[in-house]
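S.K.: model this:
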Amino acid sequence: MRRHFLMRVVLVEAALILMAGMASPARAAGSAPDEAFQRQVFGRVIGKDRIHACYRRAYDAPHLGSHPQQNVRTMTLLVTGSAEEGADPGYTLGLGVTFRKAGTHFETFGGCGAIGSSAAPAAKANVAHCSVDCDGGAIDVRLKGEKSVLVAIPDGARIWKAGSDSEDSDERKRFGADDKLFRLDRTALTDCLSLVGDEDEKAMLRRGQ
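M.R.: You can find the predicted model right below:
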């Protein structure tokens, strides 16, 4: 179930933090690109507690009418940041999607590396490169102004019905030819509650954390 998959995401995040810390033991809050990314996404640098940001977009009928090969009707993105002392920060994402031909909610989760870290020197300073577990595809989150991000899914990503077992489902075929790049706008953290299974973390979102 989702709980098992989220546990794997947490383990991936922990591994990313540990690996990054081994690569640059002197770092605490992250590199300058990391801190710039955090300030724009979360409003401040990551501290000892997790921090979240939520972005969303619902495409209206005129937009979908002018983009017949776009199947995505709504998209919600939850970005979570965390850090441990002496290590680069780690990021995870949760993505919720609905499509124009079905009201079913689908979701996916992934882990992201540090921004422009020594472990990934070629990484751009304003982009988080993320991957879905079990070769589920790549998702990039790029900063776009003060209140928006661009979500790139160039080759689709493994998704599954919300709340179902991720290991038994792969619905990436639902992405259309024009479902490659999405601009999402910042919204209330409570709009991302459906992407969180842990009650303590839901409480953090309700408190605006």
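S.K.: Could you pull up the residues touching the residue nearest to the spatial centre of the chain?
M.R.: The centroid of the chain falls nearest to Leu93 when counting by Cα atoms, centre = their mean (2.4 Å). If a contact means Cβ atoms under 8 Å, 6 or more residues apart in numbering, then Leu93 has 77-80, 109-110, 112, 128, 130, 139, 141 as its contacts. Using the backbone N, CA and C atoms, a C-beta is placed for each residue, glycine as well.
S.K.: Which residue ranges of this protein form helices?
M.R.: Counting by DSSP state H, the segments of the chain that form helices are 2-23, 32-42, 61-66, 199-206.
S.K.: where among those helices is the average confidence lowest?
M.R.: Mean pLDDT per stretch puts helix 2-23 lowest among these, at a mean of 44.
S.K.: hmm, back to that, want to throw the contacts of Leu93 into JSON lines with pLDDT and neighbour count?
M.R.: Converted to JSON lines, the contacts of Leu93 look like this (pLDDT from 0 to 100; neighbours: other Cβ atoms under 10 Å):
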{"residue": "Leu77", "pLDDT": "98", "neighbour count": "24"}
{"residue": "Leu78", "pLDDT": "98", "neighbour count": "25"}
{"residue": "Val79", "pLDDT": "96", "neighbour count": "24"}
{"residue": "Thr80", "pLDDT": "95", "neighbour count": "26"}
{"residue": "Phe109", "pLDDT": "94", "neighbour count": "26"}
{"residue": "Gly110", "pLDDT": "93", "neighbour count": "25"}
{"residue": "Cys112", "pLDDT": "89", "neighbour count": "24"}
{"residue": "Ala128", "pLDDT": "90", "neighbour count": "25"}
{"residue": "Cys130", "pLDDT": "92", "neighbour count": "23"}
{"residue": "Ile139", "pLDDT": "95", "neighbour count": "24"}
{"residue": "Val141", "pLDDT": "94", "neighbour count": "26"}
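S.K.: Just to check, Val41 is in contact with Leu143?
M.R.: Yes. In this structure, Val41 is within contact of Leu143 by Cβ atoms under 8 Å, at 7.3 Å.
S.K.: Among the contacts of Leu93, which are located in strands?
M.R.: For the contacts of Leu93, membership in strands holds for 77-80, 109-110, 112, 128, 130, 139, 141, with DSSP state E as the criterion.
S.K.: neighbour count winner among Val41 and Leu143?
M.R.: Counted by other Cβ atoms under 10 Å, Val41 and Leu143 do not tie: Val41 has more neighbours, with 22 against 18.
S.K.: Can you tell me the closest non-neighbouring residue to that one?
M.R.: Beyond its immediate neighbours in the sequence, the residue positioned closest to Val41 (Cβ to Cβ, 6 or more residues apart in numbering) is Ala53, lying 4.8 Å away.
S.K.: And His129, by the same measure?
M.R.: Counting by Cβ to Cβ, 6+ apart, Asp140 is the residue found nearest to His129 once chain neighbours are left out, at 5.6 Å.
S.K.: So for the one you found, what's the pLDDT?
M.R.: Model confidence at Asp140, given as pLDDT, is 93.
S.K.: Noted, bye for now.
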